[in-house]
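Engineer: Could you work out the structure for the sequence below:
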Amino acid sequence: MFDDLRKIVFQIMSNERYNQICRILAAASEVIYIPELPESTYRVCDSLQFNLLGLTKRQIDQFVQRTAKRGLKIQVFGRSDNARYFKNWKYSFDQPPRLDKTEEIISCACDMRLSLSFDKDDINLIGYIIKDVAYGLIREGNERKGCRHSFQDYKNGLTDSFKGLDSVISKYEEWATYYDEEHRKNGWKSLLNYLAYKLSTYLNINSKILDVGCGTGLLGQELSAYGFTKLYGNDISKSSLDIARKLDSYRGLYQAELGQPLMLDSNSFDALVSAGVFTRNQVPLNAFDELIRILKPKCLFSVALRVEDNDSYYKKIEEYYAQNILEEVLRERIRVLRSCEHEIVITRKF
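Structural biologist: This is a model prediction of the structure:
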């Protein structure tokens, strides 16, 4: 009786961890694919198998090496160190068979153990590391394709500053059609993955979060991957919001102009998060007032700022520190793009 109960508990816990890691990696579907099960079969969820998409043999080797340096042991089925590699099996004939198609498939198929001792925080960290390494390899691969010295983060460049609201709207309406593809290639998703993971260490998954300037929903996908279910978003671009609505990440999306009154109740959000919005003079400084109004006391406002903006937005945040409206929780730099550097700033409302 006791043994049966223990087996049931083991299976439930294994399934929870397996589903959690699958959800986290789903945000990186352009490079990570977890095969679906055939009918009439079930998983033994003490390990994870996934395929790396679009990477060369050299990049797959780098993936294994870089994840290993960060504490993850991931094996590739088509490598001599994996016991499941068919060339390691014993046959009744002298030479193993030549199976070119099999070799092709297993050359990018990865295998990783999921220990029952892993808790939810461990799984979040494992998922973060896998995606961070994969996103970095995509960026490096695109740099090589475009010649490292001539590679540009953005094919049409970035506007240094905007003359007014109409120019901001025009830029993002046009950009929406290829925004996601460009940011998958240039490394921006590394920052979004880090920001979402970082927030998972501060917030619980039931926190009501507003993605400020959510755009096409890339950050929302990463937040959803780490288990956040009460996500809302606003943006000035209708075309971007139309794309975001196709995702299964947000409970609500609406068009809004930052710097103007927001049709939201005061003290109604557990957290605010924003990336790639407060930059290049595209949002007025007074936008912070309304955002602070809708944030609950003792709750977090996290923003990614561009270092090259010379602290124009951070200096405004410092004014709220001096007025005892906000206090700083974290400020750290992160570089994922070649053209500029960013810093993550997390504040708490008094």
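
Engineer: And stretch 62-81, end to end?
Structural biologist: Stretch 62-81 has an end-to-end distance of 16 Å (CA to CA, to the nearest Å).

Engineer: and that stretch, average pLDDT?
Structural biologist: Mean per-residue pLDDT for stretch 62-81: 94.

Engineer: How far does stretch 206-226 sit from its chain's centre?
Structural biologist: 10 Å (CA atoms, centre = their mean, to the nearest Å).

Engineer: Same question for stretch 59-74.
Structural biologist: Remark: stretch 59-74 is offset 19 Å from the chain centroid, using CA atoms, centre = their mean.

Engineer: With stretch 127-146 instead?
Structural biologist: For stretch 127-146, the distance to the chain centre is 12 Å (CA atoms, centre = their mean).

Engineer: cool, and stretch 200-207?
Structural biologist: With CA atoms, centre = their mean, you get 15 Å for stretch 200-207.

Engineer: Give me the contacts around it.
Structural biologist: Under the contact criterion CB atoms under 8 Å, 6 or more residues apart in numbering, stretch 200-207 has outside partners 121, 124, 209, 226-230, 270-271, 300, 329, 346. All C-beta spots, glycine's among them, are computed from the backbone N, C-alpha and C.

Engineer: Farthest pair within those?
Structural biologist: The most widely separated members of the contacts of stretch 200-207 are Thr229 and Val329, with 23.0 Å between them, by CB to CB.

Engineer: What's the PyMOL line that selects buried ones from the contacts of stretch 200-207?
Structural biologist: In PyMOL, a selection of the buried entries from these looks like this (16 or more other CB atoms under 10 Å):
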select buried, resi 124+209+226+227+228+230+270+271+300+346
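
Engineer: now the contacts of stretch 200-207 as a markdown table including pLDDT?
Structural biologist: Listed next are these as a markdown table, based on pLDDT from 0 to 100:
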| residue | pLDDT |
| --- | --- |
| Asp121 | 97 |
| Asn124 | 98 |
| Ile209 | 98 |
| Tyr226 | 98 |
| Gly227 | 98 |
| Phe228 | 98 |
| Thr229 | 97 |
| Lys230 | 98 |
| Asp270 | 98 |
| Ala271 | 98 |
| Leu300 | 98 |
| Val329 | 98 |
| Ile346 | 98 |
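
Engineer: Out of the contacts of stretch 200-207, list just those in helices.
Structural biologist: Asp121, Asn124 (DSSP state H).

Engineer: a markdown table for the contacts of stretch 200-207, including distance to Glu173?
Structural biologist: Below are the contacts of stretch 200-207 laid out as a markdown table (distance: CB to CB, whole Å):
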| residue | distance to Glu173 |
| --- | --- |
| Asp121 | 40 |
| Asn124 | 35 |
| Ile209 | 25 |
| Tyr226 | 30 |
| Gly227 | 32 |
| Phe228 | 28 |
| Thr229 | 29 |
| Lys230 | 28 |
| Asp270 | 31 |
| Ala271 | 28 |
| Leu300 | 31 |
| Val329 | 35 |
| Ile346 | 31 |
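
Engineer: which one of the contacts of stretch 200-207 is nearest Tyr172?
Structural biologist: Closest approach to Tyr172 among the contacts of stretch 200-207 (CB to CB): Ile209, at 21.5 Å.

Engineer: Tell me where the model's unsure across the stretch 1-150 of the chain.
Structural biologist: Within the stretch 1-150 of the chain, the ranges that satisfy pLDDT under 70 run 1-13, 90-93, 146-150.

Engineer: which residues in the protein form strands?
Structural biologist: 32-33, 47-52, 74-76, 109-113, 208-212, 230-235, 252-255, 269-275, 295-306, 326-334, 342-349 (DSSP state E).
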